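> Below is the sequence, then the predicted model.
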Amino acid sequence: MVPKKFAEEHFLSTHAPVACSQCSETMERDVLNFHKGENCPQRIVTCEYCEFPLPAIDLLEHQEVCGNRTELCHLCLKYIRLREKSGHESHCNGLVNDIAESSRNTRPPEGAQGRPPPREFSPRRLLVSIAVTGIAVLLGSLFFQRKREQNQVH
């Protein structure tokens, strides 16, 4: 219970409608912090595959593309989609088998001689790959944001 003389102050500090500074949605003041941290579509979250920060509303579409990228498993020498990587790592024993878990198998067929084994990435090459991927994701995010803004104007 709030004494009558403090009712207006209580209303303004707890129940008065306020707009979220990130998405402009109106809500009661006491739920604003929870909204900004958990529900706001414009809050910044990070991709589980590349750790790129982006608005929550764009995360699903970004991760759909980002999770389809592949990385070489150094145990079985297959390219594995990032979204399947944790499951693959839990059961990969380094043997090539007939299970179709990837679109590309880098191990040469039986009898293929003279091919060098796959090279390890140098740290410099890895950093360049990460930088190029980050730039591509950033440009894609900006493109989709502009496209969405243009659609909202029309």
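Perfect, I can see it now. Numbers count the residues shown, from 1 in each chain.
> Was I right to think Arg81 contacts Gly67?
Yes: when contacts are counted by Cβ atoms under 8 Å, Arg81 is listed as touching Gly67 (6.5 Å). Using the backbone N, CA and C atoms, a C-beta is placed for each residue, glycine as well.
> Can you show me the strands along this structure?
Using DSSP state E, the strands assigned to the chain run over residues 17-19, 26-28, 44-46, 53-55, 70-72, 78-81, 104-105.
> residues contacting Pro41?
23, 55-57 (Cβ atoms under 8 Å, 6 or more residues apart in numbering).
> and if we set it to 6 Å?
Contact analysis of Pro41 by Cβ atoms under 6 Å, 6 or more residues apart in numbering lists 23, 56-57.
> What of Asn33?
By Cβ under 6 Å, 6+ apart, the contact set of Asn33 is empty.
> any low-confidence regions in this protein?
Counting by pLDDT under 70, the ranges of the chain that qualify are 95-122, 147-154.
> what about the helices in it?
Along the chain, counting by DSSP state H, helices occupy 7-10, 32-34, 56-66, 85-91, 123-153.
> Need the winner for burial among these.
helix 56-66 (a mean of 15; mean count of other Cβ atoms under 10 Å).
> Just the angle for it relative to helix 123-153, thanks.
Computed by axes from the mean of the first three to the mean of the last three Cα atoms, to 10 degrees, the angle separating helix 56-66 from helix 123-153 equals 130 degrees.
> mind checking how far helix 56-66 is from the chain centre?
6 Å (Cα atoms, centre = their mean, to the nearest Å).
> Contacts for that helix, please.
Residues from elsewhere that reach helix 56-66 (Cβ under 6 Å, 6+ apart): 41, 43, 45, 47, 49-50, 54.
> Tell me the buried residues within those.
For the contacts of helix 56-66, a burial check counting by 16 or more other Cβ atoms under 10 Å picks out 43, 47, 49-50, 54.
> roughly how far apart are the residue nearest in space to the middle of the chain and Val128?
With distances taken as Cα atoms, centre = their mean, Cys47 lies nearest the centre of the chain, 1.9 Å away. To Val128, Cys47 is 19 Å away according to Cβ to Cβ, to the nearest Å.
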